[in-house]
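Student: got a predicted structure plus its sequence, pasted below:
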Amino acid sequence: MKNTFSTIMSILILVVLAAGVYFIVQTVRESAAAATAPFQGLNQANDALQTQVSQLMNPTPTIIPDPVTYINEIRALARLETIQYSIEKVITAEVGQGTFGFAFGDKMLFVAHGIVIAGIDMEKLQPGDMRLENGVLFVNLPPTEIFIATLDNEKSYVYERDTGLLTKGSIDLETLARQAAEDEIRKAALEDGILTQGQTNGEAYLLKFFTALGYKSIIFDDQ
C-alpha cells in the first residue's frame with residue numbers, strides 16, 4: 001500500500017513539473033513575441049521606405065498614349081521589295097572638344113544597327129513601258145529605289161559617353177547621332193551596290209512571273 005502511494009505521488013509531482021515547464025515556456029514565448037513586435041513594425045516600415053527611395057531614385061517610365069489618333073493619309077502601294085541589307089555602324093558624336101573639353105565637352109560612341117530595303121515601285125510602271133514584238137515581251141522597269149533606311153532601336157545603343165566635369169551633356173547629342181547613323185547606313189548600302197543588286201533580283205522575280213503568265217521570251221530594257 002505504501003509503495004502504491006509513493007508511485008501515485010511521484011506521478012503527480014511529474015505532472016506538476018511538466019505543467020510548470022509548459023507554462024514557463026509559453027510565458028517566455030509570449031514575452032519574446034511582445035518584445036519583438038515593435039521591431040517587426042519598424043522593419044516593415046524600413047523596407048517600405050527603402051522601396052519608396054528606390055522608386056524615387058530609379059523611377060519606372062510611364063507611357064501614356066493620346067487616345068485620339070489622326071490618320072493623315074492613306075495610299076495604296078505596289079512596291080516590290082527585292083533586297084534587304086542589315087548594317088552595323090559606329091558613330092562618334094561630340095561637342096565642345098576644344099581646349100576646355102575636359103570641363104564642357106560631351107562625346108558619345110553610338111553603335112547603330114539598321115536595315116535598308118530597296119525595290120521597284122510597280123505603281124510607276126506605265127502601259128507604254130511594256131510592249132510585245134514578235135512574241136517577245138519587252139519590259140522597261142522603273143529604277144530601283146530605297147524604300148526604307150532606318151535604325152533597329154532594339155539593337156542600337158550608346159556604347160560609351162564622356163561628359164565634362166562642369167556639364168550634364170547635350171540633350172540633343174544622341175538624337176543627332178541617330179540621325180547621322182541613318183544617313184551613314186543608307187550611304188553604306190548605296191556604296192555597296194544595293195540598287196544594282198535590287199534591280200537584278202527584281203528582274204529575276206518578274207521573269208518567273210511573266211513566264212508563268214505564258215510569255216516565252218522576256219527582255220528587260222536597260223535604264
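Tutor: Nice, I can see it.
Student: and the strands in this protein?
Tutor: 79-95, 106-121, 130-133, 136-139, 145-151, 157-163, 217-220 (DSSP state E).
Student: any idea which of those strands is most buried?
Tutor: strand 106-121 (a mean of 20; mean count of other CB atoms under 10 Å). Just so you know, the C-beta spots here come from the backbone N, C-alpha and C atoms, and that holds for glycine as well.
Student: helices and strands around that one, which ones?
Tutor: strand 79-95, strand 145-151, strand 157-163, helix 173-191, helix 194-212 (3 or more CB pairs under 8 Å, 6 or more residues apart in numbering; DSSP states H and E).
Student: least confident of these, on average?
Tutor: Least confident of these, judged by mean pLDDT, is strand 157-163 with a mean of 88.
Student: that older thread, okay if I get the helices and strands packed on strand 106-121 as a markdown table plus distance to Pro65?
Tutor: As requested, the helices and strands packed on strand 106-121 are exported to a markdown table (distance: least, CB to CB, whole Å):
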| stretch | distance to Pro65 |
| --- | --- |
| strand 79-95 | 28 |
| strand 145-151 | 21 |
| strand 157-163 | 24 |
| helix 173-191 | 21 |
| helix 194-212 | 35 |
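Student: what values do phi and psi take at Glu73?
Tutor: In terms of degrees, to the nearest 10, the main-chain angles of Glu73 are phi -160, psi 140.
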